[in-house]
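Novice: My questions are about this predicted structure, shown below with the sequence.
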Amino acid sequence: MSYASAGSGDRALQQSARSFRPKDGDSAYLQDSRDVSEAVKKIQQLAADIRKETSLLSSAHSWAGSKKKVQDALHSGREIMEEAKRRLERFSLSGDGSIAEQKTRGFMQQKLSENLMTATKSLEAAFHAFEKAAAERERRGTAAFAAGSHSG
């Protein structure tokens, strides 16, 4: 799964991104835009991975591994989201550009912020769906165990 490599690799990427800050406003704006867009994609992939684990719950004999994977994915997604939020907060709206260019940057910041929020909501919804499915599976398993112990 794609989130198996999330975490330390993402932290190394974030660390290198922090150490490399472009000097001019245009370069910083472009770098921040790319980084936030990439964060949105990663969060969307983590949400898809959680949905996949949810669909596998009904067929898995032991779901403890799935639960750990999902919790790791959620944790990674939240870390990525926090880093992307920090980038959006310092989003470079200043620069040598015209008023029209500054407005365009403002619109881009708003769009990236909306995309990040949508991806984060999708991640949280996928996690809650997993929790619900896991609880239902556990309930069914407990009920089946209780029925089996009473019939013997």
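Specialist: All right, it came through fine.

Novice: Go ahead and confirm V70 touches F127.
Specialist: Yes: with contacts counted by CB atoms under 8 Å, V70 reaches F127, the gap being 6.6 Å. Every residue, glycine included, has its C-beta placed from N, CA and C.

Novice: which residues are common contacts for the two?
Specialist: Here V70 and F127 share the contacting residues I50, scored by CB atoms under 8 Å, 6 or more residues apart in numbering.

Novice: So for those two, which residue has more residues nearby?
Specialist: Neighbour count, other CB atoms under 10 Å: between V70 and F127, V70 has more, with 25 against 22.

Novice: In contact with that one, which residues are there?
Specialist: 50, 53-54, 127, 130.

Novice: S58 now?
Specialist: Here S58 is in contact with 133, 137 (criterion: CB under 8 Å, 6+ apart).

Novice: Tell me how far it lies from D35.
Specialist: In this structure, S58 and D35 are 37 Å apart, going by CB to CB, to the nearest Å.

Novice: Give me the pLDDT for K67.
Specialist: If you check K67, the pLDDT there is 89.

Novice: That one contacts A135, correct?
Specialist: No: the pair K67 / A135 is not scored as a contact, 11.1 Å apart, by CB under 8 Å.

Novice: Tell me which of those two has more neighbours.
Specialist: K67 (15 against 10).

Novice: name the helices or strands packed onto the strand or helix carrying D49?
Specialist: Using DSSP states H and E, D49 maps to helix 25-56. Contacts defined by 3 or more CB pairs under 8 Å, 6 or more residues apart in numbering; DSSP states H and E place helix 25-56 against helix 8-19, helix 64-89, helix 99-150.

Novice: Looking at those, spot the one closest to A28.
Specialist: helix 64-89 (9.8 Å; CB to CB).

Novice: so the closest one versus helix 25-56, what angle?
Specialist: 160 degrees (axes from the mean of the first three to the mean of the last three CA atoms, to 10 degrees).

Novice: Helix 64-89 vs helix 99-150, what angle?
Specialist: Using the same axes, to 10 degrees: helix 64-89 against helix 99-150 is 160 degrees.

Novice: buried stuff in helix 64-89?
Specialist: For helix 64-89, a neighbour-count test (16 or more other CB atoms under 10 Å) marks 66, 69-70, 72-74, 76-81, 83-84, 87-88 as buried.
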